[in-house]
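Q: The sequence isn't on hand, but the structure is:
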């Protein structure tokens, strides 16, 4: 069983989640600038989640590009990733509307944490299917960035109850740090030469 | 006529339904933990339906993989399956918001029942097109799990008016029992060897 | 330029519209049967529009299957069809919520009428591109069903202001009459032999 | 890495945004003609944005058709375009509901302006990847229409605070002027001969 349909389905789900988020940017009743700036926190949360969706979409692209086939376990591991991503519009909006209150900020981090864990399970399921020393295994490697980001999400969750702005800054920093992540891309290119 | 476009369209519809469901997880006004836990029943219903969508998506994947071609009857039988699936966000939410009240719980089971019936019609339409003894016919086979699940949905519908928690438990148990269902996958692999 | 991407895009739009419609089935506050039956008219309108989407999706499938290539005019003619289809959830719901009041019932027919006109323009644009006597031209032919349905929509619009139930019955009858429409399919199969 | 998946993902996002916009056409409570005509401004804004989505979808089609491959920078530049497009339903509706009040009308133009800028960055990223004198570079060329449209958006933003109808007329005129834009198509066809 090839990777085409799992790619198409995941792309569909991610594309829909990314655009559904914008529905939470409720059109204000007023027509002045103040009505618009009141949406600032929700908008910032939207931008942050948009970047995270971009990161996961890119990584998914690379992971499936390196994979040759999928089985039932991979399909379910993939759905598990999509499940936690599908909750991101909810957690994004709860955090944005409550101006970084502790519980919403912690829940946002929890969702990122669970997505990262689900991603790890997906990567392991694919490696288990393709075997050790496969191109895929080397492409994913020890994945230090993935492991460090998981720790940082946990730190941010704890920080949410102490100083939520620290948590939000951590979420943003992790995103900026993950964007130029081309591990899989590099190995894939090397393999193809 | 190949199966590509019917696969792509069905994936699109399922991907959209699965993500539209999350729109019903209305962002609470409060920012405390109690506001979040109040969403518990709706969230549990969301998880349950997410798993059912995963089951149908996987089975659809396998069914279309085994099929070679489609005709007008298959297209309409497929739309019929998608119709009952498209109602699942509505029935999921009605059940979740009413904390397993009898009618909503029964309607949820009715929707699962009709989806299973529509699935049976789709499978028959495909077998009718590919002929008896085709790979597809052997792949689907007598489908005992499918038939038993239909009976269990009917039992759950009846139980909804007696003790709705029994019905909800049945829905969950059937889902857990259907997840590792790899009938079609196995036969397909055998054929390809 | 091939027809792949226009097919994929159109499928995406139709899949989204078909599932967005279900969002208008607002979850009732009550948990009894009366709350559910109050949704009857909106549900019937939903079923009717679902069938029309199925018809257009099937016909689009067949039309693009017979087409070999597209150009800028076809792309815009296709977007024009999608535009009128995209308004169908709105007109469906206005008609359903107002229990077949004259103006909503007439607007529903107007939307079907404009979709049929846009479809005719799309078919002409494709024939213009492929040339007379092409497989596509013979596949579409004089299209008596298409022309008669346009007249019936106009009759139904007029009937909306006299007796809306007649209009609704006409919409349903035209849909049932269009479902088994396999003109393009037949000619395509003949050509391939 | 090919352009298939970036095309499919972008099509998905555009298809969803285009249909999500229609959700803002809220079904009126009344059933008479006056209830419908009250939606006039929102409807006009919807039509305008639909045309802009058509323009971007067509241009994206042509751009990716001329491109041979993508890299990480192109993926992010593409997501950047989709980000500004994803805000269009919000800006469209704010403008439509406020009957061309100054700030909403200016914000609509700002969104169009940022989309055009993001498009320019995407085109540069693709040219940088394919090299000067590539088919792609000649296909895009000096892009006078693109540059002039950016200036016209800025003029319209300024006009929003003076006479918003002038700004709206400019948005409509630019759209009508961009529709028959077949630069990329022409060069692509020439190359293929």
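A: Yep, it's here. In this text, all values refer to a predicted model and were calculated from it rather than measured experimentally.
Q: who's in contact with residue A:82?
A: A:10, A:13-14, B:18 (Cβ atoms under 8 Å, 6 or more residues apart in numbering or on different chains). Every C-beta, even on glycine, is put in place using the N, C-alpha and C of the backbone.
Q: Got a PyMOL select line for the buried ones in these?
A: The following PyMOL line selects those of the contacts of residue A:82 that are buried, judged by 16 or more other Cβ atoms under 10 Å in any protein chain shown:
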select buried, (chain A and resi 10+13+14) or (chain B and resi 18)
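Q: any chance of the contacts of residue A:82 in JSON lines, plus pLDDT?
A: Output for the contacts of residue A:82, formatted as JSON lines (pLDDT from 0 to 100):
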{"residue": "A:10", "pLDDT": "89"}
{"residue": "A:13", "pLDDT": "90"}
{"residue": "A:14", "pLDDT": "90"}
{"residue": "B:18", "pLDDT": "88"}
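Q: Let me know the closest of the contacts of residue A:82 to chain C.
A: residue B:18 (9.7 Å; Cβ to the nearest Cβ).
Q: Need the three-state assignment for residue A:153.
A: helix (DSSP: H, G, I helix; E, B strand; the rest coil).
Q: doesn't residue A:112 make contact with it?
A: Yes. Contact criterion Cβ atoms under 8 Å: residue A:153 and residue A:112 qualify, at 5.1 Å.
Q: between those two, which one's more packed in?
A: Shown here are residue A:153 and residue A:112; by other Cβ atoms under 10 Å in any protein chain shown, residue A:112 has more neighbours (27 against 24).
Q: Where does pLDDT dip in chain A?
A: Counting by pLDDT under 70, chain A contains low-confidence residues at A:1, A:181-193.
Q: same thing but 90
A: A:1-12, A:15-32, A:57-75, A:99-100, A:124, A:127-147, A:176-193 (pLDDT under 90).
Q: Near chain D, which residues of it are found?
A: By Cβ under 8 Å from any Cβ of the partner chain, the part of chain A that sits against chain D consists of A:7-8, A:11-12, A:14-16, A:18-20, A:22-23, A:25, A:27-28, A:31-33, A:36, A:47, A:50, A:54, A:57-58, A:61, A:65, A:179-180, A:182, A:185.
Q: Just the ones of these in helices?
A: For the residues of chain A next to chain D, membership in helices holds for A:7-8, A:11-12, A:14-16, A:18-20, A:33, A:36, A:47, A:50, A:54, A:57-58, A:61, A:65, A:185, with DSSP state H as the criterion.
Q: do stretch A:57-64 and chain B meet?
A: No. Stretch A:57-64 does not reach chain B (Cβ under 8 Å from any Cβ); its nearest approach is 13.7 Å.
Q: quick one on the thing from earlier: restrict the ones in helices among the residues of chain A next to chain D to those near chain C?
A: Filtering these for neighbours of chain C using Cβ under 8 Å from any Cβ leaves A:12, A:16.
Q: Generate a ChimeraX selection restricted to the buried subset of the ones in helices among the residues of chain A next to chain D.
A: Those of those that count as buried under 16+ other Cβ under 10 Å are selected in ChimeraX with:
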select /A:7,8,11,12,14,15,16,18,19,20,36,50,54,57,58,61,65,185
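Q: is the longest helix that chain A contains up against chain B anywhere?
A: The residue-count maximum for a helix in chain A (DSSP H) belongs to helix A:102-130. Yes. Contact of helix A:102-130 with chain B (Cβ under 8 Å from any Cβ) involves A:102-104, A:107.
Q: most neighbours, which of those residues?
A: Busiest of these [other Cβ under 10 Å] is residue A:104, holding 28 neighbours.
Q: just checking, that residue touches residue B:33?
A: No. With contact defined as Cβ under 8 Å, residue A:104 does not reach residue B:33; the gap is 10.2 Å.
Q: who touches both of the two?
A: By Cβ under 8 Å, 6+ apart, no residue touches both residue A:104 and residue B:33.
Q: Just want to check the distance between residue A:53 and residue A:59.
A: 11 Å (Cβ to Cβ, to the nearest Å).
Q: just residue A:34 next, same as before
A: On the measure of Cβ to Cβ, residue A:34 and residue A:59 end up 39 Å apart.
Q: neighbour count winner among the two?
A: residue A:59 (19 against 9).
Q: For chain A, which residues are neighbours of chain C?
A: So chain A meets chain C at A:12, A:16 (Cβ under 8 Å from any Cβ).
Q: How about residue A:16: what's its closest non-neighbour residue?
A: residue B:19 (4.3 Å; Cβ to Cβ, 6 or more residues apart in numbering or on different chains).
Q: thought residue A:112 was touching residue A:171?
A: Yes. Because the distance of 6.9 Å satisfies Cβ under 8 Å, residue A:112 is recorded as touching residue A:171.
Q: Would you mind naming what in chain A lies close to chain B?
A: A:1, A:5, A:8-9, A:12-13, A:16-17, A:20, A:23-24, A:71-72, A:75-76, A:79, A:82-83, A:86-87, A:89-90, A:93-94, A:97-98, A:101-104, A:107.
Q: repeat that for 6 Å
A: With Cβ under 6 Å from any Cβ of the partner chain as the criterion, chain A comes near chain B at residues A:5, A:8-9, A:12-13, A:16-17, A:20, A:72, A:75, A:79, A:83, A:86, A:90, A:93-94, A:98, A:101, A:103-104.
Q: so how many other residues sit close to residue A:176?
A: 10.
Q: Secondary structure element for it, which one?
A: Element membership for residue A:176, per DSSP states H and E: helix A:164-178.
Q: cool, residue A:94 as well?
A: Residue A:94 belongs to helix A:88-97, assigned by DSSP H and E.
Q: How about residues contacting stretch A:37-50?
A: A:21, A:88, A:92, A:95-96, A:99, D:83 (Cβ atoms under 6 Å, 6 or more residues apart in numbering or on different chains).
Q: Just name whatever secondary elements the helix holding residue A:94 is in contact with.
A: The helices and strands touching helix A:88-97, judged by 3 or more Cβ pairs under 6 Å, 6 or more residues apart in numbering or on different chains; DSSP states H and E, are helix A:40-66, helix A:102-130.
Q: let's go with 7 Å and repeat that
A: helix A:4-20, helix A:40-66, helix A:102-130 (3 or more Cβ pairs under 7 Å, 6 or more residues apart in numbering or on different chains; DSSP states H and E).
Q: for that helix, the distance to its chain's centre please.
A: Centre-to-centre, helix A:88-97 and its host chain are 14 Å apart (Cα atoms, centre = their mean, to the nearest Å).
Q: How many residues are close by residue A:150?
A: 17.
Q: what separates it from residue D:103, distance-wise?
A: With Cβ to Cβ as the criterion, residue A:150 and residue D:103 are 42 Å apart.
Q: for residue A:56, same thing?
A: For residue A:56, the distance to residue D:103 equals 34 Å [Cβ to Cβ].
Q: excluding its backbone neighbours, what's nearest residue A:168?
A: Using Cβ to Cβ, 6+ apart, the closest residue to residue A:168 is residue A:100 (5.6 Å).
Q: Tell me how many other residues crowd the one you found.
A: 20.
Q: Could you do residue A:91 as well?
A: 23.
Q: Same question for residue A:45.
A: The burial count for residue A:45: 29, using other Cβ under 10 Å.
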